[in-house]
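Enquirer: predicted model and sequence below, questions to follow.
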Amino acid sequence: MRNGSGNREWIDSNVLVHAFHHGSPKHDAAMGVLDRLVRNDRGVIGAQNLAEFSNVLRHKSSEPAGFGKIRQYVQHLKQDFHCFGYTGQTVVFALDLSERHSVHFFDALLAATMFENGIDTIYTENVEDFGKIPGIKAVNPFD
């Protein structure tokens, strides 16, 4: 796991899912974002994203992946991207963001983790919710 945050860009779980779901019509665009961020050493994911990604691939995908395949994907992501976790204080910060900006708690938790690590840009399909949080630049890589 790498550390450091200068000039980094966060990758949301939905982009990861499209990148690793080869049947997705958004697969190529998602892989393009990941490839660029790996080449520039700017990509960041959160432990929360790895958990969400794993859950979607295992339980919510039209073609559920096995544990071995998901484990392989997660190991690959951990090697290629900076990975940040959160603390109890991050959760308190997220509760404040969620209440103040009327966003889903888990989106606020990602935003709080981003703020704590000096990151202001996230690649996500969920630009509406992340766009409600001042200081966050939400970019839809599929537009």
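Expert: Sure thing, it's come through.
Enquirer: switch to C-alpha atoms for all contacts and neighbour counts from now on
Expert: OK.
Enquirer: so what's the residue located most distally from the centre of the chain up against?
Expert: Ranked by distance from the centre of the chain (Cα atoms, centre = their mean), the top residue is R100, with 21.8 Å. Applying Cα atoms under 8 Å, 6 or more residues apart in numbering to R100 gives no contacts.
Enquirer: buried set for the helix or strand containing it?
Expert: Assessed by DSSP states H and E, R100 sits inside helix 88-101. By neighbour count on 16 or more other Cα atoms under 10 Å, the buried set for helix 88-101 is T90, V91, F93, A94, L95, D96, L97, S98.
Enquirer: check what pLDDT the residue nearest to D80 when sequence neighbours are not counted gets.
Expert: Distance criterion Cα to Cα, 6 or more residues apart in numbering; nearest residue to D80, sequence neighbours excluded, is V38 at 6.2 Å. Looking at V38, its pLDDT stands at 95.
Enquirer: go ahead and confirm V38 touches K78.
Expert: No - using Cα atoms under 8 Å, V38 makes no contact with K78, being 11.5 Å away.
Enquirer: pLDDT averaged over the helix holding R100, what's the number?
Expert: Mean predicted lDDT for helix 88-101 stands at 98.
Enquirer: which residue is nearest the middle of this protein?
Expert: D12 (2.4 Å).
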